[in-house]
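Visitor: Sequence below, structure please.
(one chain, ligands or ions: 1)
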Amino acid sequence: MGLAKQGAATPTRRNFVRATALAALSPALAPAMAQGAPAPKSTPAKAAHALGPGFGPAPGVALLSRNENPYGPSEKAIAAGCAATEQGAYYADRSLLYLVDMIAERNRIPREFISVSAGSGEGLCAAAQSWTRDGGKIAAPALFWDTTVRYAERQGAKIVTAPMKDDLGVDLDALESIVDDDISLVHITNPNNPTGMLLDPAELRAFILRVEKRATVLVDEAYNELTDIPEAASMINLVRDGKNVIVSRTFSKIYGMAGLRVGYLMARADITARIRSNIMSWISGPGLAAAIASYDDDEFLAESRARIIEGRDMVVVAAQSHGLDCLPSQTNFAFINVKGDADVFRDRMARERIFIRGAYQGLPNWSRVSMGRIEDLSRYVSALPKAIAVK
Ligand SMILES: Cc1ncc(COP(=O)(O)O)c(C=O)c1O
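Guide: Residues are numbered from 1 along each chain as shown. Next up is the predicted model:
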């Protein structure tokens with residue numbers, strides 16, 4: 001197994017498959033994109049100019065803004081995904097069942113407890129939409145990965161938020177206090193994004209046992225495998241116990257498959273039936289194949305995790321050596337108080353072709369950086385002293 005992959009465009013079978021797939025997508029674009037040449041100006045690829053042609057970061061760009069894992073997909077996932085592409089004429093129903101059975105076995109839950117979606121994002125959107133369709137509201141902390149509840153909001157849903165603790169941790173007491181009869185869904189991200197902080201498992205479990213009687217509690221565990229205590233931190237045992245809880249997982253983070261779009265939600269059969277009836281897509285065969293091939297690839301997962309943590313340690317040490325505060329992250333990103341305008345900081349980094357997140361609402365000095373490749377993080381660390389010289 002090797003972590004380094006996706007090298008130059010040598011005429012390998014993988015490149016052939018990739019070029020074939022691109023040709024199907026857009027015959028005019030395929031040759032240029034497959035070789036990494038700039039896309040013609042008149043194509044939709046123009047809109048994606050910031051990241052360059054094709055997929056992944058453009059040459060010279062350190063892409064540290066989206067919490068992707070550049071060490072994936074695993075070699076096994078790539079091989080399986082390419083093989084599945086050859087069978088791309090057929091719907092991937094059998095492989096979906098296969099993946100569901102793997103997830104069921106590992107989590108000791110029935111198949112009927114699992115809904116697979118195009119990334120966990122789709123399942124989370126389905127839940128947010130379904131739980132608020134009849135006027136129910138969503139309760140959440142003021143700071144979390146809110147993309148999917150904002151989707152429901154655009155359909156008319158109401159979101160109510162509870163303030164964070166002073167240390168930017170999730171305040172479970174404050175959250176509980178806003179769960180009234182109008183709340184149908186409580187959304188928690190654990191570890192949280194953008195803070196990277198993990199809740200105390202016993203406190204979260206006790207919170208859920210109190211609140212699930214009044215509303216469904218959704219725990220998004222997208223980064224669970226990157227925590228120091230994945231098993232203890234997960235709320236899957238409450239799903240197993242038949243509580244009113246949804247646990248969400250994804251192949252986008254530790255598995256390094258963000259572009260392949262596979263995620264899954266686990267919940268009681270009645271809850272899962274409701275989620276499934278709101279899921280819109282049919283999962284892509286290559287994505288499923290890659291997920292099946294990497295689900296049990298412990299060697300890849302351990303190495304991927306080690307590299308991410310090595311990068312995170314490097315970033316945290318560098319930031320602290322410049323007097324900056326970092327929150328204790330249990331994820332593949334770090335949240336740093338740059339003690340200046342985080343948007344200006346982002347723009348200075350961008351001038352060096354290092355892409356990170358800008359300020360979050362209400363937190364003008366906090367900046368999130370994702371753990372890309374070590375060489376990209378080295379560039380971030382080198383650019384740090386100049387970039388923080390902003391007020
Ligand atoms: C907390 C959290 N949940 C879910 C997602 C969505 O992941 P995906 O739809 O790729 O599974 C993200 C993406 O960054 C995330 O940060």
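
Visitor: Mean confidence (pLDDT) on the host helix or strand of residue 378, please.
Guide: In this structure, residue 378 sits in helix 374-387 according to DSSP states H and E. Helix 374-387 comes out with an average pLDDT of 97.

Visitor: buried ones in that helix?
Guide: 376, 377, 379, 380, 381, 383, 384, 387 (16 or more other CB atoms under 10 Å). C-beta here means a position set from N, CA and C on the backbone, and glycine is covered the same way.

Visitor: now do stretch 358-373
Guide: Using 16+ other CB under 10 Å as the test for burial, stretch 358-373 gives 358-360, 363, 365-373.

Visitor: Check stretch 242-252 too.
Guide: 243, 244, 245, 246, 247, 248, 249, 250, 251, 252.

Visitor: Could you do stretch 195-213 as well?
Guide: In terms of neighbour count (16+ other CB under 10 Å), stretch 195-213 has its buried residues at 195, 196, 197, 198, 199, 201, 204, 205, 207, 208, 211.

Visitor: thought the fourth one was touching residue 230?
Guide: No - the pair residue 198 and residue 230 fails to qualify as a contact (CB atoms under 8 Å) at a distance of 10.2 Å.

Visitor: show me the contacts for residue 238.
Guide: 205, 208, 209, 212, 245, 247 (CB atoms under 8 Å, 6 or more residues apart in numbering).

Visitor: In the stretch 251-391 of the chain, which residue sits closest to the ligand?
Guide: residue 252 (3.3 Å; CB to the nearest ligand atom).

Visitor: Quick check, that residue in contact with residue 119.
Guide: Yes - with contact defined as CB under 8 Å, residue 252 and residue 119 form a contacting pair (5.9 Å).

Visitor: Enumerate the residues of this protein near the ligand.
Guide: With the criterion set to CB under 6 Å from any ligand atom, the chain comes near the ligand through 67, 119-121, 145, 189, 193, 220, 222, 250, 252, 258, 263.

Visitor: so can I have a markdown table of these showing pLDDT, secondary structure and distance to residue 134?
Guide: Listed next are those as a markdown table, based on pLDDT from 0 to 100; DSSP: H, G, I helix; E, B strand; the rest coil; distance: CB to CB, whole Å:
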| residue | pLDDT | secondary structure | distance to residue 134 |
| --- | --- | --- | --- |
| 67 | 98 | coil | 33 |
| 119 | 98 | helix | 26 |
| 120 | 98 | helix | 24 |
| 121 | 98 | helix | 23 |
| 145 | 97 | coil | 25 |
| 189 | 98 | strand | 24 |
| 193 | 98 | coil | 28 |
| 220 | 98 | strand | 23 |
| 222 | 98 | coil | 27 |
| 250 | 98 | strand | 28 |
| 252 | 98 | coil | 30 |
| 258 | 98 | helix | 33 |
| 263 | 98 | strand | 25 |
